[in-house]
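J.: Sharing a model that was predicted from the sequence below.
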Amino acid sequence: MSVWAVSWALGAKVPDAVSRSVLVALGHLASDRDEVRVPAQVLRDVAVCSTARVGQALRELEDCGLVQLLAASSQWFALRLLIPDMFTGIADALPVEVPKVAL
């Protein structure tokens, strides 16, 4: 699971609730390289809609520049999340040491 990808998905501008559900699920399933290979049934179950509607949502997300569809079949989708570098680089900006707090 990619915490950054889920956070990005929750804040992304998407066309509708189904697209948001699909994008958040993709963020949850994303690898460290922001890639996802997922059975269509998983996305269908998360978004509570038909496989055809999941396919439509993925096309809408691709049109919005949020995902890149790498491969698709009736049973599987392979995608890349197009998360901006400025978003994924947040971890590098966090302090390494935690300051001590007087109690």
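T.: That came through, no problem.
J.: all contacts plus neighbour counts: C-alpha atoms, from now on.
T.: Fine.
J.: Give me the most central residue, the chain.
T.: Nearest to the geometric centre of the chain sits Gly27, at 2.7 Å (CA atoms, centre = their mean).
J.: Pretty sure it sits in a strand.
T.: No - judged by DSSP: H, G, I helix; E, B strand; the rest coil, Gly27 forms no part of a strand; its state is helix.
J.: wait, it sits on Ala9?
T.: Yes - using CA atoms under 8 Å, Gly27 is in contact with Ala9, at 6.4 Å.
J.: quick one: the strands in the protein?
T.: Assigned by DSSP state E, the chain shows strands spanning 35-39, 67-72, 76-81.
J.: Was I right to think Arg37 contacts Trp76?
T.: Yes - with contacts counted by CA under 8 Å, Arg37 reaches Trp76, the gap being 7.1 Å.
J.: Of these two, which one has the most company?
T.: Neighbours per residue (other CA atoms under 10 Å) separate Arg37 from Trp76, with Arg37 holding more: 17 against 14.
J.: And the pLDDT at the more buried one?
T.: On pLDDT, Arg37 comes in at 95.
J.: what ranges do the helices span in this structure?
T.: Under the criterion DSSP state H, the chain carries helices at the ranges 3-11, 17-29, 40-47, 51-63, 85-88, 90-93.
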